[in-house]
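Trainee: Attaching a predicted model along with its sequence, questions to come.
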Amino acid sequence: MLLKIEDLECRIGSTNILRSCSLELDKSQVVCLLGRNGAGKSSILKSIIGLYPAGNGKISYENQDITNLSPHQRVIAGIAYAPEDSKLFADLTVEQNIQLGFWVTSKTVRAASIDFETVFHFFPRIRSMVKRKADTLSGGEKKMVSISRALALSPKLVLLDEPFEGLSPVVVKTFSAAIENIKQELGISVLLAESNVHNASQVAEKCYIIERGQIIFEGPPSSILENEQILRLVGR
């Protein structure tokens, strides 16, 4: 078991945004957090990377309790995060943004196993963009760079927040293929947040549906697509 969350609760101010959430993710597995906007998907990812503190519950990574570790310590342990809005440094080039990931890895005890050629292999389009400033990129291009920067950390687990949001169906297929190849060729596990069940079905082996901060369903994407009641919950 690579990641295990047990009865996770999280409160922001007076609002309880996560309530007794539990999930598991194995090595070399793609799992999707599925739900409507505001259901709590991003909050789970931010709790795993340490941006949101856990009020109660436990987060275990490689059988070690990381519930109270800082985000930096979790990155060093092998967890990478690509946020929904990419969070690129606008004045830096694509190359420089990705190099930040390599720099962090070089400062840790973990040896880097990924280089620029590996990044280009999964996202060939980036090769022609390396000298462009980040603020000149389209939304889809920014997502490519954000995921590439996460890969530059040589992680064992990548957290992707809404990687398909705003992308055309053709680009969704490109991203789906890249995620599958990352899992197959590098053995990296992926936990992604997604609001579209059909997009999730292209990449995920297992889905957790979250509604109002609670996980209400666990199963393969096919079991969701065959269940009209569950489909109504996630808005198809």
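Mentor: Nice, I can see it.

Trainee: Show me which residues of the strand or helix carrying residue 32 are buried.
Mentor: Per DSSP states H and E, residue 32 falls inside strand 30-34. For strand 30-34, a neighbour-count test (16 or more other CB atoms under 10 Å) marks 30-34 as buried. Yep, even glycine has a C-beta here, placed from its N, CA and C like the rest.

Trainee: Tell me what angle the longest helix along the chain forms with strand 30-34.
Mentor: If you go by DSSP state H, the chain has its longest helix at helix 169-186. If you take axes from the mean of the first three to the mean of the last three CA atoms, to 10 degrees, helix 169-186 sits at 140 degrees to strand 30-34.

Trainee: Tell me the buried residues in helix 169-186?
Mentor: Applying a neighbour-count criterion of 16+ other CB under 10 Å, the buried positions in helix 169-186 are 171-172, 174-176, 178-179, 182-183, 186.

Trainee: So residue 181 sits against residue 122, correct?
Mentor: Yes. Residue 181 lies in contact with residue 122 (CB atoms under 8 Å); the separation is 5.9 Å.

Trainee: where are the low-confidence patches of the protein?
Mentor: Counting by pLDDT under 70, the low-confidence segments of the chain come to 106-113, 235-236.

Trainee: just the strands in it please.
Mentor: Remark: strands assigned in the chain by DSSP state E are 3-12, 15-25, 30-34, 56-61, 64-65, 79-82, 157-161, 189-194, 206-211, 214-219.

Trainee: Would you agree residue 231 is in contact with residue 198?
Mentor: No. Checked against CB under 8 Å, the pair residue 231 and residue 198 is beyond contact range at 10.3 Å.

Trainee: Need the overlap of contacts for these two.
Mentor: With contacts defined as CB atoms under 8 Å, 6 or more residues apart in numbering, the residues shared by residue 231 and residue 198 are residue 225.

Trainee: before we move on, the earlier item: can you list the strands of the chain in TSV and add distance to residue 147?
Mentor: What follows is the strands of the chain, written out as TSV (distance: least, CB to CB, whole Å):
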stretch	distance to residue 147
strand 3-12	18
strand 15-25	18
strand 30-34	13
strand 56-61	20
strand 64-65	25
strand 79-82	5
strand 157-161	7
strand 189-194	10
strand 206-211	20
strand 214-219	25
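
Trainee: And those: which comes nearest residue 134?
Mentor: strand 79-82 (13.8 Å; CB to CB).

Trainee: out of the strands of the chain, nearest to residue 98?
Mentor: Using CB to CB, the nearest of the strands of the chain to residue 98 is strand 79-82, at 11.9 Å.

Trainee: Dump the closest one to PDB, restricted to CA.
Mentor: Taking Å, rounded to 0.1, in the frame of the first residue of the first chain, the C-alpha atoms of strand 79-82 are listed here in PDB:
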ATOM      1  CA  ILE A  79       4.900  13.100  -3.100                       C
ATOM      2  CA  ALA A  80       4.400  15.700  -5.900                       C
ATOM      3  CA  TYR A  81       1.500  18.000  -6.500                       C
ATOM      4  CA  ALA A  82       0.200  19.800  -9.600                       C
END
